[in-house]
Structures are given as structure tokens and as C-alpha cells.
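Engineer: Next come a sequence and a model predicted from it.
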Amino acid sequence: MAISAALFTGHGREPLLLVLLGLGGLGLGLMFSALTGHLITVVPADYAPDISGVSSTTVTIGGAIGVAALGTLYLSLASRPGALAATHAYAITTAALGAAALVAVLTARLALGRRPSRR
């Protein structure tokens with residue numbers, strides 16, 4: 001969302017974008033290992049290898065679908081020639097990605113809130 005905001009406000013200079021992209025990549029790397037670790041600890045030990053494989057497969061399939069959907073969005077918006085059209089298309093695409101991430105976070109929070117307590 002920060003990348004999109006920087007581009008929409010005209011503050012999308014290369015050093016800022018490099019920092020924001022680097023932070024986003026760092027966050028993704030931390031998230032994947034934390035997600036796998038969390039999933040393995042909340043299932044019985046016999047299912048840990050299975051949940052790890054299912055999680056990796058789901059992330060891979062979701063990534064492929066995301067690349068196809070967001071790539072289609074970007075290419076449809078950047079059909080006009082010029083850097084301004086490409087920048088605008090990228091800003092809209094990153095905003096869509098941020099909105100999807102927000103929906104995922106809210107959905108996960110709702111799912112965790114409805115989970116029966118373990119005693």
C-alpha cells in the first residue's frame with residue numbers, strides 16, 4: 001500500500017521505491033517461515049509433514065493465480081504507451097494487491113476468533 005501511495009502522490013522516487021520493495025520482500029520472507037512454523041505447531045505431530053506440504057502447495061497455487069490476475073490487471077491498464085501509463089497501472093495493481101492482503105488478514109482474524117478454545 002505504501003508503494004501505491006508513493007506513486008499516486010508523485011513521491012515514487014527510485015530510492016524510496018527500493019526501500020519499500022526491500023521491506024516488502026523482507027516481510028514476505030519472514031511471513032512464510034512463521035506461517036509454516038505456526039501451522040506445524042497447531043496440528044498433531046503426525047500431520048506436520050502433510051500440513052507443511054499442503055501449505056507450500058497452496059502458496060504456490062495462490063501465487064500463480066495472483067500473478068495471472070494481477071498481471072492481467074496491469075497489462076490491461078498499461079495498454080497506452082508511455083511511462084506515466086505504466087506507473088499509474090503499477091500503482092493501481094499494487095493497491096489491488098494491498099487490498100487483497102488486507103482482506104486475507106481480516107479473514108484470518110475472523111477465523112481465529114471463531115476457533116474453539118483448546119483445554
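Structural biologist: Structure received.
Engineer: Extract the residue ranges of the chain that are flagged as low pLDDT.
Structural biologist: With pLDDT under 70 as the threshold, the chain has low-confidence stretches at 114-119.
Engineer: Show me the helices in it, by range?
Structural biologist: 2-8, 14-42, 48-77, 83-113 (DSSP state H).
Engineer: From the contact counts, what lies against the second one?
Structural biologist: Contacts of helix 14-42 with other secondary structure elements, assessed using 3 or more C-beta pairs under 8 Å, 6 or more residues apart in numbering; DSSP states H and E, are made with helix 2-8, helix 48-77. (Each C-beta comes from the backbone N, C-alpha and C, glycine too.)
Engineer: G98: which of these is closest?
Structural biologist: With respect to G98, and counting by C-beta to C-beta, the nearest of these is helix 2-8 at 6.2 Å.
Engineer: which residues touch I40?
Structural biologist: Contacts for I40 (C-beta atoms under 8 Å, 6 or more residues apart in numbering) come out as 48, 51-52.
Engineer: Residues contacting stretch 93-110, please?
Structural biologist: Under the contact criterion C-beta under 8 Å, 6+ apart, stretch 93-110 has outside partners 1, 3-4, 7-8, 66, 70, 73-74, 77.
Engineer: mind listing what's buried in it?
Structural biologist: For stretch 93-110, the buried set under the neighbour-count rule, 16 or more other C-beta atoms under 10 Å, comprises 93-97.
Engineer: same question, stretch 33-53
Structural biologist: By neighbour count on 16+ other C-beta under 10 Å, the buried set for stretch 33-53 is T36.
Engineer: Now do the end-to-end distance for it.
Structural biologist: End-to-end distance of stretch 33-53 (C-alpha to C-alpha, to the nearest Å): 13 Å.
Engineer: likewise stretch 71-82?
Structural biologist: Across stretch 71-82, the terminal residues are separated by 18 Å (C-alpha to C-alpha).
Engineer: How far off centre is that stretch?
Structural biologist: The chain centre lies 20 Å from the centre of stretch 71-82; the measure is C-alpha atoms, centre = their mean, to the nearest Å.
Engineer: Same question for stretch 54-70.
Structural biologist: On the basis of C-alpha atoms, centre = their mean, stretch 54-70 sits 10 Å off its chain's mean C-alpha point.
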